[in-house]
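Q: Sequence and predicted structure below; questions after.
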Amino acid sequence: MEKMIAGKPITVNEEGYLTNFNQWDEKIGEAIAAEANISLTPRHWDVIKYLQTEEKNQVPLSIRRVGKSGVVDIKEFYSLFPNAPLKTATKIAGIPKPASCI
């Protein structure tokens, strides 16, 4: 289905995750973050870029893996993305919901 995000028609699944990463750009990420009441800082972007790289390398994502990444520890991850951090961060990053998320 399509949803208008940052003024563009974007293809998303029923949970609001992008189904085509090629439609993603930073403005899309900022708009999705705003829907989650998150104002993106350089630290948020560090995590988003890390998640996108891991997804491109087909590495299964989990909160534990993010916490051990050296990019961000688990406590900071939760403070950056307070409500369901991995689900929220991957949605903002334009990548599929990780299998480890219910």
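A: Happy to help now that I have it.
Q: Any idea which helix or strand in this structure has the lowest mean pLDDT?
A: Taking mean pLDDT, DSSP states H and E as the measure, the chain has helix 63-67 as its least confident helix or strand, at a mean of 93.
Q: what about V72, distance to W45?
A: 11 Å (C-beta to C-beta, to the nearest Å). Every C-beta, even on glycine, is put in place using the N, C-alpha and C of the backbone.
Q: buried set for the least confident helix or strand of the chain?
A: By neighbour count with 16 or more other C-beta atoms under 10 Å, helix 63-67 contains the buried residues 63, 65-67.
Q: Skip ahead from it and say which helix or strand is next.
A: helix 74-80 (DSSP states H and E).
Q: Mind giving me the packing neighbours of that following helix?
A: If contacts are counted by 3 or more C-beta pairs under 8 Å, 6 or more residues apart in numbering; DSSP states H and E, helix 74-80 sits against helix 42-56, helix 63-67, helix 85-93.
Q: Spit out the contact partners of the residue positioned nearest the centre of the chain.
A: The chain has T90 as the residue nearest its centroid, 2.4 Å off, counting by C-alpha atoms, centre = their mean. Residues in contact with T90, defined by C-beta atoms under 8 Å, 6 or more residues apart in numbering, are 17, 51, 55, 61, 96-98, 101.
Q: Okay, now the unreliable bits of the protein?
A: Within the chain, the stretches with pLDDT under 70 are 102.
Q: roughly how far out does stretch 17-29 sit from the chain middle?
A: On the basis of C-alpha atoms, centre = their mean, to the nearest Å, stretch 17-29 sits 10 Å off its chain's mean C-alpha point.
Q: ok, back up a step: and A34, which of the helices and strands packed on helix 74-80 is closest to it?
A: helix 85-93 (9.7 Å; C-beta to C-beta).
Q: Surely C101 touches P85?
A: No. Counting by C-beta atoms under 8 Å, C101 does not reach P85; the two are 9.9 Å apart.
Q: of the two, who's got more company?
A: Using other C-beta atoms under 10 Å as the criterion, C101 and P85 rank with P85 on top: 20 against 16.
Q: what sits against the more buried one?
A: 63, 66, 77-78.
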